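**Student:** I'd like to go over a predicted model; first the sequence, then the structure.
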Amino acid sequence: MSDYVKSLMNEVKAKNPSEPEFHQAVEEVADSLSLVLERHPEYRSSKILERVIEPERVIMFRVPWVDDQSEVHVNRGFRIEMNSAIGPYKGGLRFHPSVNLGILKFLAFEQVFKNSLTTLPLGGGKGGSDFDPKGKSDNEVMRFCQSFMNELFRHVGPNTDVPAGDIGVGGREVGFLFGQYKRLRNEFTGVLTGKGLNWGGSLIRPEATGYGAVYFANEMLHTKDDSLEGKSCLVSGSGNVAQFTVEKILDLGGKVITLSDSGGYIYDEKGIDTEKLEYVKELKNLRRGRIKEYTEEFKDAVYTPLDASSDHNPLWNHKGDCAFPSATQNEINGKDAQNLVNNGVYVISEGANMPTTPDGVDIFLNNDILYGPGKAANAGGVAVSGLEMVQNSMRLPWSREEVDNRLHHIMKSIHKTCVENAERFNTPGNYVNGANIGGFLKVADAMLDQGVV
Ligand code: NDP
């Protein structure tokens, strides 16, 4: 680590105490940028990195709501408007009990570079609440979303800040949020993405993050004249990203043997085929059940509960070729990374945001694994959100094929940007550096053009 990065990190930690995920995300990017800052003193003298790590605006608010038993609850709402140098703030909303300022700042920070990589004019933001939709009735979720939007509507708009979904925020929640925004503003605009198909949503938006992560893995494999055909894949999570990751892997001839939720994971040696995937979609999206139930339907599969006190996650200790972490941050630690390498896994494409701890990332890089970090590999979701915004502005929906082709093209372009920047800055094959540098340069140049703001 250079002296500059060391002193920057000391300052970040002093100014933002108790935000370890934010520190982790900043350190990784700052480390990647050492050579860039050496070659471009103008970024240093204009304090571009110092400005990029400070959100343009943080909004924090009370979200009171009433449950079905008439009891009053109070949650905390957030929106981090991180950087608008290249476009309106864009990034998802997360509803999960673990949500706090530091987690949302790490996600907003990552989002800035990810959005820049998509080639689309999108700034970076993120938001959410410590509200847990799990176990709540539809009416409770609706009342919460309405209360959340009662404050958020002042800060968002189709040319200002355009939220979308993330953990705990899917089509149902986006619908309730959009309905309340429309009522408060009396206007029908593309203020959120991930909308329903007959009220402004885009085809392929639900599929986009998972499909994109698989396209990215395939691009990495193509650099070795290889492909996903016949590959055995470990997938974590069983939500939006995981489901469509599995769908695209099957499409491209691969086999998927694991899925999980926060309770545990299933291992299906025979493979999760299309019929089993349909069962998972119904279980998770309609019945809102637990992945454990999979083994009641498919008796050959084995369920293992997650043990939070264990030093590793057994899901990552199976033989395979590829891994697609698609649940949450830091779900692969150093030991898990070593287990993956020992089991022959040589492709990692991150559907989740920052799912690998820094020591895990080092293990992947030191073992020459094809390692696609989240900000590149999972950028397909926000890319298609950007395409949804374009369609909303034109008031013209595109066909499924058109959106999927554009998504595929964007993922290839992100891959190319990563490869080229990694080479340009002397670390060929290092997608972490390639993604951080590629994402940073566009934002940094826009900030230079726009003066000290
Ligand atoms: P969902 O809410 O649809 O699914 C999340 C899945 O991850 C669920 O299976 C959930 O299990 C599991 N999970 C969540 N938290 C934990 C935890 N602490 N430990 C273990 N498992 C956990 O969210 P998404 O699929 O949308 O998001 C998954 C990841 O992908 C996140 O990191 C998100 O930031 C990232 N991402 C999502 C995008 C999108 O378009 N949706 C875009 C880019 C990145 P359970 O149901 O038990 O909570």
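**Tutor:** Received it, and whenever you're ready, just let me know what you need. Worth saying up front: this structure is predicted, and the values here are computed from it rather than measured.
**Student:** What are the structural domain limits within the chain?
**Tutor:** 3-188, 208-368 (automatic domain parsing).
**Student:** Next, format those domains as TSV and append mean neighbour count.
**Tutor:** Any C-beta I mention is one placed from the backbone N, CA and C, and that applies to glycine too. What follows is the domains of the chain, written out as TSV (neighbours: other Cβ atoms under 10 Å):
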stretch	mean neighbour count
domain 3-188	19
domain 208-368	20
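**Student:** now those domains as JSON lines including distance to G434 and mean pLDDT?
**Tutor:** Shown next, in JSON lines, are the domains of the chain (distance: least, Cβ to Cβ, whole Å; pLDDT from 0 to 100):
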{"stretch": "domain 3-188", "distance to G434": "9", "mean pLDDT": "97"}
{"stretch": "domain 208-368", "distance to G434": "11", "mean pLDDT": "98"}
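**Student:** who wins for proximity to K375 among these?
**Tutor:** Nearest of those to K375, taken as Cβ to Cβ: domain 3-188 at 4.2 Å.
**Student:** Show the end-to-end separation of stretch 61-78, please.
**Tutor:** 6 Å (Cα to Cα, to the nearest Å).
**Student:** Show me the one of the domains of the chain that comes nearest C418.
**Tutor:** When the domains of the chain are ranked by proximity to C418 (Cβ to Cβ), domain 3-188 comes first, at 7.9 Å.
**Student:** count of residues packed around the residue lying closest to S393 once chain neighbours are set aside?
**Tutor:** Nearest residue to S393, sequence neighbours excluded (Cβ to Cβ, 6 or more residues apart in numbering): G190, at 6.9 Å. When counting by other Cβ atoms under 10 Å, one arrives at 22 neighbours for G190.
**Student:** did I read that right, G190 in a helix?
**Tutor:** No - G190: not assigned to a helix; according to DSSP: H, G, I helix; E, B strand; the rest coil it is coil.
**Student:** Tell me if I'm right that it and S202 touch.
**Tutor:** No - using Cβ atoms under 8 Å, G190 makes no contact with S202, being 9.9 Å away.
**Student:** okay, and the common contacts of these two?
**Tutor:** Common contacts of G190 and S202, defined by Cβ atoms under 8 Å, 6 or more residues apart in numbering, comprise E388.
**Student:** quick revisit: present the domains of the chain as TSV; the columns should include distance to K442.
**Tutor:** Shown next, in TSV, are these (distance: least, Cβ to Cβ, whole Å):
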stretch	distance to K442
domain 3-188	5
domain 208-368	19
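**Student:** Tabulate those (a markdown table), appending distance to the ligand.
**Tutor:** Listed next are those as a markdown table, based on distance: least, Cβ to the nearest ligand atom, whole Å:
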| stretch | distance to the ligand |
| --- | --- |
| domain 3-188 | 4 |
| domain 208-368 | 2 |
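**Student:** Contact partners for G170?
**Tutor:** Neighbours of G170 in contact, by Cβ under 8 Å, 6+ apart: 194, 239-240, 285.
**Student:** Roughly how far does it sit from G194?
**Tutor:** Distance, G170 to G194, by Cβ to Cβ, to the nearest Å: 8 Å.
**Student:** cool, and L101?
**Tutor:** Taking Cβ to Cβ, one finds L101 at 24 Å from G194.
**Student:** quick one, strands of this structure?
**Tutor:** Secondary structure of the chain by DSSP state E: the strands cover 57-66, 72-83, 89-95, 124-129, 161-164, 232-235, 255-256, 258-261, 264-267, 302-305, 322-324, 347-349, 370-372.
**Student:** gap between the shortest one and the chain center?
**Tutor:** The chain centroid and the centroid of strand 255-256 are separated by 22 Å, computed with Cα atoms, centre = their mean, to the nearest Å.
**Student:** Over to the fifth one?
**Tutor:** Its chain's C-alpha centre lies 14 Å from the corresponding centre of strand 161-164 when counted by Cα atoms, centre = their mean.
**Student:** got a list of contacts for it?
**Tutor:** Under Cβ under 8 Å, 6+ apart, the answer for strand 161-164 is 79, 81, 88-93, 125, 127, 152, 155-156, 174, 177, 190-194, 381-382, 385, 389.
**Student:** if we go to 7 Å?
**Tutor:** 81, 88-93, 125, 127, 155-156, 190-194, 385, 389 (Cβ atoms under 7 Å, 6 or more residues apart in numbering).
**Student:** Kindly report the same for the second one.
**Tutor:** Strand 72-83 has contacts (Cβ under 7 Å, 6+ apart) with 52, 55-67, 89, 101, 104-105, 108-109, 111-112, 123-131, 148, 151-152, 155, 161, 443.
**Student:** 6 Å - rerun?
**Tutor:** 55-61, 63-66, 89, 104-105, 108, 112, 123-127, 129-131, 148, 155, 161 (Cβ atoms under 6 Å, 6 or more residues apart in numbering).
**Student:** what's the answer for the third one, then?
**Tutor:** With Cβ under 6 Å, 6+ apart as the test, strand 89-95 has contacts from 81, 111, 115, 122-129, 131, 133, 161-169.
**Student:** quick one: it to strand 124-129, angle?
**Tutor:** 20 degrees (axes from the mean of the first three to the mean of the last three Cα atoms, to 10 degrees).
**Student:** Equivalent analysis for the second one, please.
**Tutor:** Orientation check (the same axes, to 10 degrees): strand 72-83 against strand 124-129 gives 170 degrees.
**Student:** angle of strand 72-83 against strand 57-66?
**Tutor:** Using the same axes, to 10 degrees: strand 72-83 against strand 57-66 is 160 degrees.
**Student:** so what strands line up beside strand 72-83?
**Tutor:** Under the criterion DSSP bridges, strand 72-83 sits next to strand 57-66 (antiparallel), strand 124-129 (antiparallel) in its sheet.
**Student:** Need the ones you listed in a markdown table (columns: distance to R290).
**Tutor:** What follows is the strands paired with strand 72-83, written out as a markdown table (distance: least, Cβ to Cβ, whole Å):
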| stretch | distance to R290 |
| --- | --- |
| strand 57-66 | 25 |
| strand 124-129 | 23 |
